[in-house]
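Visitor: this is a predicted model, with the sequence first.
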Amino acid sequence: MEGSVFSPDAIESFNIPGYDPDLVSLIHTGILQQNPSIRWDDISGLEEAKMLLIETCILPMEHPELFRGIRRPWRGICMFGPPGTGKTLLAKALANECSTTFFNVSSATLTSKYRGESEKLVRLLFEIARQKAPSTIFIDEIDSIGSKRGTDSEHEASRRAKSELLIQMDGCVADDGKTVLVLGATNFPWDVDDSLRRRLEKRIYIPLPDCAARLNLIENALTGIELDDDVKLSEVAERLEGYSGADITNICRDAALAPMRDCLRSTNNLVNADFEERKEARKKILSKPDLTIRMCHFETAIQKMKPSVTQSTVQKYLNWMEEFGSK
C-alpha cells in the first residue's frame with residue numbers, strides 16, 4: 001500500500017486565517033513529495049522493530065475497527081539507537097507501506113528562527129496533519145526540538161517549538177476521529193524532555209546489526225562487484241561486530257576502491273613527470289584494471305576504520321532501554 005502524496009496544489013489551496021503563506025511554504029518543504037522507494041525488504045535485519053512499526057502504525061490504519069478503547073492506536077512513537085542503524089530508512093519504508101499522509105519534517109525546520117514563529121510552524125504542521133488524517137509526522141533528531149529543560153541545546157526557538165509540540169500531541173485526533181501519529185527518531189534518547197518522552201508512548205530500540213544483518217548489508221553493498229576466491233564474506237561479517245550499518249557500508253566502499261589504488265601504485269615513479277604524462281599513464285592502467293576485491297583489502301579497510309559507536313555508548317542505550325524502552 002503506497003503512502004499518500006500531498007500535492008503542491010493541495011498545499012497552496014490550504015488556507016487557515018492568520019497563517020503567513022510563507023510559513024505554509026516552509027511546511028510544504030517538510031512534506032514528503034514522493035513515495036520513497038525504500039521497502040521493508042531493503043532494510044537488513046531489525047525484524048522486531050519492523051513488526052512493532054507494523055503493529056503500531058499500519059494495522060490500526062488497515063483495521064480501525066479492531067483498534068478501539070484500550071486498543072486505541074499509539075499516538076507517539078520514538079525510535080532510538082546509535083547513529084547509522086537505519087532509523088530514517090525504517091521511517092521511509094513505513095511511508096511506503098502505510099496508507100497515511102506522511103510528513104517528513106526536520107527539527108531544523110520546526111526550530112526555524114524565521115520571524116521568530118517556531119511555535120506557529122508546529123501548530124500549522126498539526127493543523128494540516130489533522131486536515132489530512134490519518135497522517136504520520138516523522139521528526140528526525142527529535143531531541144533537537146525536545147531537549148530537556150535548562151540544557152545548553154535548549155535555545156529560545158526550540159523551547160517555544162517544544163512547548164507547542166507538547167500541546168499539539170495532546171490533541172492528535174482529527175474532527176472525524178482519525179489520528180495523527182508522531183514518529184520521532186533520536187540518537188540521544190536521554191536528552192529528550194521527560195514530558196515529551198511520556199507522550200512518545202512506544203519507544204523502540206534500533207540496535208547495531210547482528211551477524212546475519214551484517215552479512216546481508218555486505219552482500220547488498222557489493223552487488224555486482226567481483227570478489228576473489230579467498231574472500232569469505234561470513235568471516236568479514238563476524239569481524240564487524242560492533243559496527244553500524246553506515247560503518248559497514250563505508251568499509252565495503254573502501255575495500256572496493258583498494259584494487260584501484262593497487263593499480264595506480266605503478267604510477268608513483270612518475271612523480272617528476274608532467275601532468276599529461278601522469279594523466280596518460282593513469283588512463284592506460286585504468287583502461288583494463290583488475291578491480292577484484294581480495295581479503296587483504298577488507299583487512300586493510302577494517303584496520304583503517306574503527307566502530308563509530310563505543311561499547312560504553314551501546315551500554316548506555318541498553319540501560320535507557322531497560323528503564324524507558326518498549327519490548
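Guide: Arrived safely, thanks for sending. Numbering: from 1, shown residues only.

Visitor: contacts and neighbour counts: CA atoms only from here.
Guide: OK.

Visitor: count of neighbours near residue 109?
Guide: Residue 109 has 18 neighbours, counted by other C-alpha atoms under 10 Å.

Visitor: so it, which state does it fall into?
Guide: helix (DSSP: H, G, I helix; E, B strand; the rest coil).

Visitor: what residues are up against the most centrally placed residue in the chain?
Guide: When C-alpha atoms, centre = their mean is applied to the chain, the residue found nearest the centroid is residue 88 (1.5 Å). Contacts for residue 88 (C-alpha atoms under 8 Å, 6 or more residues apart in numbering) come out as 140, 185.

Visitor: that one sits in which helix or strand?
Guide: helix 87-97 (DSSP states H and E).

Visitor: pull out the buried residues from that helix.
Guide: Of all the residues in helix 87-97, those buried under the rule 16 or more other C-alpha atoms under 10 Å are 87-97.

Visitor: pretty sure residue 196 is in a strand, no?
Guide: No. Assigned with three-state DSSP, residue 196 falls outside any strand and is helix.

Visitor: circling back: among the buried residues of helix 87-97, which one sits closest to residue 230?
Guide: Closest approach to residue 230 among those (C-alpha to C-alpha): residue 89, at 32.6 Å.

Visitor: confidence score at that closest one?
Guide: At residue 89, the pLDDT value in this model is 90.

Visitor: check residue 199 too.
Guide: 93.

Visitor: show me where pLDDT drops low in the stretch 201-327 of the chain?
Guide: 266-274, 327 (pLDDT under 70).

Visitor: would you map the strands across it?
Guide: 202-205 (DSSP state E, counting those that start in this stretch).

Visitor: all strands of the stretch 51-200 of the chain, in order?
Guide: 76-80, 101-106, 135-140, 180-186.

Visitor: for residue 241, give me its contacts.
Guide: So residue 241 contacts 209-211 (C-alpha under 8 Å, 6+ apart).

Visitor: out of these, who's the most crowded?
Guide: residue 209 (23 neighbours).

Visitor: please tell me how far the closest residue to residue 317 other than its chain neighbours sits from residue 214.
Guide: Distances taken as C-alpha to C-alpha, 6 or more residues apart in numbering put residue 81 closest to residue 317, at 6.5 Å, once the chain neighbours are dropped. Using C-alpha to C-alpha, to the nearest Å, residue 81 is found at 17 Å from residue 214.

Visitor: between the buried residues of helix 87-97, which is nearest residue 133?
Guide: residue 95 (14.0 Å).

Visitor: so that closest one touches residue 89, yeah?
Guide: No. The pair residue 95 / residue 89 is not scored as a contact, 9.8 Å apart, by C-alpha atoms under 8 Å.

Visitor: which residues of the stretch 1-150 of the chain score low on pLDDT?
Guide: Across the stretch 1-150 of the chain, the ranges flagged by pLDDT under 70 are 1-18, 26, 28-36, 99, 111-116, 149-150.

Visitor: that older thread, who's in contact with the residue nearest to residue 317?
Guide: Taking C-alpha under 8 Å, 6+ apart, one finds 186-189, 205-208, 317 in contact with residue 81.

Visitor: ok so, going back, turn the strands of the stretch 51-200 of the chain into TSV, including mean neighbour count and distance to residue 156.
Guide: Formatted as TSV, the strands of the stretch 51-200 of the chain follow (neighbours: other C-alpha atoms under 10 Å; distance: least, C-alpha to C-alpha, whole Å):
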stretch	mean neighbour count	distance to residue 156
strand 76-80	25	24
strand 101-106	24	17
strand 135-140	26	19
strand 180-186	24	21
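
Visitor: list the contacts for residue 260?
Guide: So residue 260 contacts 286, 289-291 (C-alpha under 8 Å, 6+ apart).

Visitor: let me fix that, I meant to ask about residue 289.
Guide: Contacts of residue 289 (C-alpha under 8 Å, 6+ apart): 260, 263.

Visitor: phi, psi of it?
Guide: phi -80, psi 150 (degrees, to the nearest 10).

Visitor: what's the spacing between it and residue 258?
Guide: In terms of C-alpha to C-alpha, residue 289 sits 12 Å off from residue 258.

Visitor: repeat that for residue 22.
Guide: For residue 22, the distance to residue 258 - C-alpha to C-alpha - is 49 Å.

Visitor: who has more neighbours out of those two?
Guide: The neighbour comparison of residue 22 against residue 258 (other C-alpha under 10 Å) goes to residue 258, with 21 against 10.

Visitor: excluding its backbone neighbours, what's nearest that one?
Guide: Residue 258 sits nearest to residue 297 (C-alpha to C-alpha, 6+ apart), 6.1 Å away.
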